[in-house]
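Asker: everything below, folded, please.
(2 chains)
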2 protein chains.
Amino acid sequence: MLNFEDTAPVIDRTVVDIRQRVGVWRQAGDLTALVPTMGALHEGHLALVRAAKNAARRTVVSIFVNPTQFAPTEDLDTYPKNEGADLEALARLGVDAVFMPSAEEMYPPGFATSVMVGGVATDLETDFRPQYLTGVTTVVTKLLLACTPDCAIFGEKDYQQLLVIRRMTGDLGIPTTIIGHATIREPDGLALSSRNAYLTPAERAIAPTLYKSLARAAAAIRARAPIQRILSAASSDLRVAGFKVDYVELRNAETLAPVTDVASEPLRLLAAAWLGKTRLIDNIPA
Amino acid sequence: MLNFEDTAPVIDRTVVDIRQRVGVWRQAGDLTALVPTMGALHEGHLALVRAAKNAARRTVVSIFVNPTQFAPTEDLDTYPKNEGADLEALARLGVDAVFMPSAEEMYPPGFATSVMVGGVATDLETDFRPQYLTGVTTVVTKLLLACTPDCAIFGEKDYQQLLVIRRMTGDLGIPTTIIGHATIREPDGLALSSRNAYLTPAERAIAPTLYKSLARAAAAIRARAPIQRILSAASSDLRVAGFKVDYVELRNAETLAPVTDVASEPLRLLAAAWLGKTRLIDNIPA
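Answerer: Residues are numbered from 1 along each chain as shown, chains lettered A, B, ... in the order given. A predicted model of the protein is given here:
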């Protein structure tokens, strides 16, 4: 329910409309921050929106469940949707505009272009979800060129995605600064994610083990224990708890290359694992 | 040599500089047209520049020999260069700015992004130069985002390239109109190309056969002769003249798909063939 002081954001459904709106703001001297989302907004998204409001006078949130980043076997059809609640939450935060294009607006008939990134995109998620990051970089290119924001905020929960988007934006010369925002967690450590809604109560009780095993591994790395033993122990913890593990990896936090010198490189621990039919990912500095 | 009434164009070597310059023009209400080139300018390029001057108040020509569209076996190192003559010709035409970035400005260390197009890019040139069109779409994306022109002019001589760039620009939502310009030819029919400079006098004498065989094939198509026989005859004419033929194809002029209905589809004849070490391409409507 909206309070009388809330102002509902304007909804733009076409590229022409949102570009024109942000262009008018720019001519008036206002900076714009974009928060790209797939809807089903939770506190993690709302933290990004608050960061956007701190970064720029004008805030745009895009809501678009991007079909090209889902494999045919994945959860596109069941991906949570809650447009009414999303718009209420964004009104409460004072977002200026919501960009909600249709799939046809983003991918008209004959669409045939993709934006691909090597380097930071070559393994980890790509080994398990081959089309995911190319789907993301292509749609984010389109969203940035449509909304022409001065900055865009992405959560660190999708850490590889954040680095890939930063690489792509710099490489193509898209004039938008990419800002990463720390992961927002439940009190028990579980990273907020729209996909947490899929978890059964029993799975939800186990889910925080993903974060806890990463935190334990990070502590062991700081205590100089051998890396391979630490990562095996983390995987083993997850399996014992009931996860099916896709990966638990220690990587260079900037390049995502395998670590060659633990003492001097910036480090990031990254993991992906399944609880039943739900795939969870998480990462932390080490 | 410059005449006293010629004004040398400003030379910008960084993305920041050219973007700022065109931004100032835009704020003043001036439209900008871009002509992307690899230098070694000939009358074909100058025709594009004249078209640009007709299309917009401000004209930018980019000169960048893009390394990523050459295979290691190709002629990157020997590609003709003539910066002094190029700048003189552009001054004479009253071009406002020339964008001449270094390879490091366009591809800084760690560069890892590419823009790929399916559909119109899937065969023809791609069968023989697999990295060419991806190199082109990536660099043209960067050039359009750097120069932010309202329109950009490309020659029809590189017909598949023109269609691929138009597709890519529309698909990504880059706000630049892509304008194709008819091929400029020598009096004997040879399409102007920087690579014509490679031809020996003997090869130069044979070279117009490429255009003539396409023109003959187009006349035969209009006379309703069987397509396969026409294309075989054109290939055969070229081989007899001394060419090594990569392809002679009749395609839908808009999609480049193989033609299924000669009577109703827009048609384009396209050919690529070698004379000694020089690869020539050409195309005409049919």
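Asker: so who does residue A:33 touch?
Answerer: The contact partners of residue A:33, by Cβ atoms under 8 Å, 6 or more residues apart in numbering or on different chains, come to A:51-53, A:55-56, A:58-60, A:149-153. C-betas here are computed from N, CA, C, even on glycine.
Asker: please flag which of the residues you listed sit within strands.
Answerer: Here DSSP state E is the test, and the contacts of residue A:33 give A:58, A:59, A:60, A:151, A:152, A:153 as lying in strands.
Asker: mind putting the residues you listed in CSV, pLDDT and neighbour count included?
Answerer: Formatted as CSV, the ones in strands among the contacts of residue A:33 follow (pLDDT from 0 to 100; neighbours: other Cβ atoms under 10 Å in any protein chain shown):
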residue, pLDDT, neighbour count
A:58, 98, 22
A:59, 98, 27
A:60, 98, 30
A:151, 98, 17
A:152, 98, 27
A:153, 98, 28
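Asker: also near chain B: which of those residues, exactly?
Answerer: The subset of these within reach of chain B, by Cβ under 8 Å from any Cβ of the partner chain, is empty.
Asker: could I get these as a markdown table with distance to residue A:11?
Answerer: Formatted as a markdown table, the ones in strands among the contacts of residue A:33 follow (distance: Cβ to Cβ, whole Å):
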| residue | distance to residue A:11 |
| --- | --- |
| A:58 | 15 |
| A:59 | 14 |
| A:60 | 11 |
| A:151 | 22 |
| A:152 | 19 |
| A:153 | 20 |
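Asker: please report how far residue A:67 lies from residue A:200.
Answerer: 27 Å (Cβ to Cβ, to the nearest Å).
Asker: then residue A:92?
Answerer: 30 Å.
Asker: and for residue A:257?
Answerer: 37 Å.
Asker: quick one: residues contacting the residue nearest the centre of chain A.
Answerer: In chain A, the centroid-proximal residue (Cα atoms, centre = their mean) is residue A:158; its distance is 4.3 Å. Residues in contact with residue A:158 (Cβ under 8 Å, 6+ apart) are residue A:281.
Asker: ramachandran angles for it?
Answerer: phi -90, psi 80 (degrees, to the nearest 10).
Asker: how about stretch A:135-149, does it reach chain B?
Answerer: Yes - using Cβ under 8 Å from any Cβ, stretch A:135-149 comes into contact with chain B via A:137, A:141, A:142, A:145, A:146.
Asker: restricting to C-alpha, output that stretch in CSV.
Answerer: Presented in CSV, the C-alpha positions along stretch A:135-149 are these (Å, rounded to 0.1, in the frame of the first residue of the first chain):
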residue,chain,number,x,y,z
GLY,A,135,23.2,-13.3,-22.2
VAL,A,136,24.0,-10.9,-19.4
THR,A,137,26.6,-8.9,-21.3
THR,A,138,24.3,-8.6,-24.3
VAL,A,139,21.3,-7.4,-22.3
VAL,A,140,23.3,-5.1,-20.1
THR,A,141,24.9,-3.5,-23.2
LYS,A,142,21.4,-2.9,-24.5
LEU,A,143,20.1,-1.6,-21.1
LEU,A,144,23.1,0.8,-20.7
LEU,A,145,22.7,2.1,-24.3
ALA,A,146,18.9,2.5,-23.7
CYS,A,147,19.0,4.2,-20.3
THR,A,148,22.4,6.0,-20.8
PRO,A,149,23.0,6.2,-17.1
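Asker: and it, average pLDDT?
Answerer: Across stretch A:135-149, the average pLDDT comes to 98.
Asker: need the per-residue pLDDT for residue A:281.
Answerer: 98.
Asker: for the helix or strand encompassing it, buried residues please.
Answerer: Taking DSSP states H and E as the criterion, residue A:281 maps to strand A:278-285. Residues of strand A:278-285 classed as buried by neighbour count (16 or more other Cβ atoms under 10 Å in any protein chain shown): A:278, A:279, A:280, A:281, A:282, A:283, A:284.
Asker: which one of those is nearest chain B?
Answerer: Taking Cβ to the nearest Cβ as the measure, chain B lies nearest residue A:283 of the buried residues of strand A:278-285, at 20.3 Å.
Asker: hang on, the closest one packs against residue A:214?
Answerer: Yes - counting by Cβ atoms under 8 Å, residue A:283 does reach residue A:214; the two are 7.1 Å apart.
Asker: overlap in contacts, those two.
Answerer: Both residue A:283 and residue A:214 are contacted by A:269, A:271, under the criterion Cβ under 8 Å, 6+ apart.
Asker: and the ones in strands among the contacts of residue A:33, which is closest to residue A:71?
Answerer: Nearest to residue A:71 out of the ones in strands among the contacts of residue A:33 is residue A:152 (Cβ to Cβ; 25.1 Å).
Asker: with residue B:218 as the reference, measure out to the closest one.
Answerer: Taking Cβ to Cβ as the criterion, residue A:152 is separated from residue B:218 by 50 Å.
Asker: so the one residue in the stretch 151-286 of chain A that gets nearest to chain B is in which element?
Answerer: Going by Cβ to the nearest Cβ, chain B is nearest to residue A:171 of the stretch 151-286 of chain A, at 3.7 Å. According to DSSP H and E, residue A:171 maps onto helix A:159-172.
Asker: so the next helix or strand after that helix, near chain B or not?
Answerer: Toward the C-terminal end, the helix or strand that comes next after helix A:159-172 (DSSP H and E) is strand A:177-181. No - Strand A:177-181 lies out of reach of chain B by Cβ under 8 Å from any Cβ, never closer than 13.3 Å.
Asker: just checking, what packs against strand A:177-181?
Answerer: Counting by 3 or more Cβ pairs under 8 Å, 6 or more residues apart in numbering or on different chains; DSSP states H and E, the packing neighbours recorded for strand A:177-181 are helix A:43-55, strand A:151-155, helix A:159-172.
Asker: next, format the ones you listed as a markdown table and append distance to residue B:10.
Answerer: As requested, these are arranged in a markdown table below (distance: least, Cβ to Cβ, whole Å):
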| stretch | distance to residue B:10 |
| --- | --- |
| helix A:43-55 | 34 |
| strand A:151-155 | 30 |
| helix A:159-172 | 24 |
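Asker: what does the stretch 101-250 of chain A put close to chain B?
Answerer: So far as Cβ under 8 Å from any Cβ goes, the stretch 101-250 of chain A lies against chain B at A:110-121, A:137, A:141-142, A:145-146, A:167-168, A:171-175.
Asker: from those residues, which would you call buried?
Answerer: A:111-117, A:119-121, A:137, A:141-142, A:145-146, A:167-168, A:171-175.
Asker: and the closest residue to residue A:66 other than its chain neighbours, how many neighbours?
Answerer: The shortest distance from residue A:66 to any non-neighbouring residue, by Cβ to Cβ, 6 or more residues apart in numbering or on different chains, is to residue A:139 (4.4 Å). Using other Cβ atoms under 10 Å in any protein chain shown, residue A:139 is surrounded by 23 other residues.
Asker: residue A:139: what's it in contact with?
Answerer: Residue A:139 neighbours (Cβ under 8 Å, 6+ apart): A:64, A:66, A:68, A:69, A:106.
Asker: can you read off the backbone torsions of it?
Answerer: The phi/psi pair for residue A:139 (degrees, to the nearest 10) reads phi -70, psi -30.
Asker: distance-wise, check it relative to chain B.
Answerer: Separation of residue A:139 from chain B (Cβ to the nearest Cβ, to the nearest Å): 10 Å.
Asker: how does chain A divide into domains?
Answerer: Listed by automatic domain parsing, the domain ranges of chain A are A:10-181, A:194-285.
Asker: out of the ones you listed, nearest to residue B:81?
Answerer: Once these are compared by Cβ to Cβ, domain A:10-181 is nearest, at 24.3 Å.
Asker: so which of the residues of stretch A:135-149 next to chain B are in helices?
Answerer: Using DSSP state H, the subset of the residues of stretch A:135-149 next to chain B located in helices is A:137, A:141, A:142, A:145, A:146.
Asker: just name the closest of those to residue A:244, please.
Answerer: residue A:137 (27.4 Å).
Asker: distance of the closest one from residue A:277?
Answerer: Residue A:137 is 27 Å from residue A:277, by Cβ to Cβ.
Asker: check residue A:157 too.
Answerer: Taking Cβ to Cβ, one finds residue A:157 at 20 Å from residue A:277.
Asker: okay then, goodbye and thanks.
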